[in-house]
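In: build me a structure from this.
(one chain, ligands or ions: 1)
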Amino acid sequence: MKEFKIEEYNKNFFTEIDKKWGIVVSGNKNIGANGMTVSWGGIGVIWNRCVCYLFVRKSRYTHDFFDKTNNCSISFLSDDYKKAKALFGSKSGRDIDKFKETNLNLEYDQELDTYYIKEADNCFLLEVLYSIDLPIDKLDSKIKDRFYPTNDIHTMYVCEIKKCLEK
Ligand SMILES: Cc1cc2nc3c(=O)[nH]c(=O)nc-3n(C[C@H](O)[C@H](O)[C@H](O)COP(=O)(O)O)c2cc1C
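Out: Here you go, the predicted model:
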């Protein structure tokens, strides 16, 4: 993987996340790491920093890792890995070793003490700057009824893009 500047990012993030999906990995050397598939999120600018917005439900095992570290990443893999991406989005790291099951591998970035997926075409290495549980009373009722029937709310993470890598 080689580093590139965020200003050189030339992909359509809508199709990247919505169609290709990402794998978010949270963790560091101390606690290890867990990953899950995501198709919701965004990129933008706030506080004069380039950021990535992630939304992780509180029930996810990955959420436990976010509680313990600000180090995370989002990796985008080609559709050759569609099966692996589906498994990362349907099974929990609480129950199985998803890396072993899919033959995907974690790569470690020493500088940022962050893990990402070795097989990714590209990825962002991130640091959480802010997190908030989406306040359920502020949600439009259509959204609340459809997406939160059991109150399994998303935590929104605003993460600074610290490093961009591509194959
Ligand atoms: C296409 C797809 C997109 C998903 N997007 C999200 C998401 O943005 N946020 C979220 O909390 N869960 C999302 N999920 C569900 C998690 O990936 C899934 O519950 C996963 O098994 C959680 O793993 P964990 O318990 O090891 O963290 C998505 C699943 C799929 C298949």
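In: roughly how far apart are residue 62 and residue 113?
Out: 17 Å (CB to CB, to the nearest Å). Using the backbone N, CA and C atoms, a C-beta is placed for each residue, glycine as well.
In: residues touching the spatially most central residue of the chain, list them.
Out: Nearest to the geometric centre of the chain sits residue 24, at 2.4 Å (CA atoms, centre = their mean). When contacts are counted by CB atoms under 8 Å, 6 or more residues apart in numbering, residue 24 touches 35-38, 54, 56, 62, 72-74.
In: same check on residue 115?
Out: Counting by CB under 8 Å, 6+ apart, residue 115 has contacts 25, 27-28, 33, 71, 73, 106-109.
In: picking that back up, go back to the contacts of residue 24 and keep what's next to the ligand.
Out: Among the contacts of residue 24, the ones lying near the ligand by CB under 6 Å from any ligand atom are 36-38, 56, 62.
In: which bits of this protein sit near the ligand?
Out: 21, 34, 36-40, 55-57, 60-62, 89-94.
In: run through who's touching stretch 90-110.
Out: In contact with stretch 90-110 (CB under 8 Å, 6+ apart) are residues 1, 23, 25, 29, 33-36, 60-62, 77, 81, 83-84, 87-88, 114-119, 125, 163.
In: just the ones of those residues in helices?
Out: Using DSSP state H, 61-62, 83-84, 87-88 are the members of these that sit in helices.
In: ok so, going back, comparing residue 62 and residue 113, which residue is more hemmed in?
Out: residue 62 (27 against 16; other CB atoms under 10 Å).
In: who are the contact partners of the more buried one?
Out: Contacts of residue 62 by CB under 8 Å, 6+ apart are 24, 26, 34-36, 56, 93.
In: what of residue 32?
Out: With CB under 8 Å, 6+ apart as the criterion, no residue contacts residue 32.
In: tell me the contacts of residue 159?
Out: Residue 159 is in contact with 51-54, 72, 126-129, counting by CB under 8 Å, 6+ apart.
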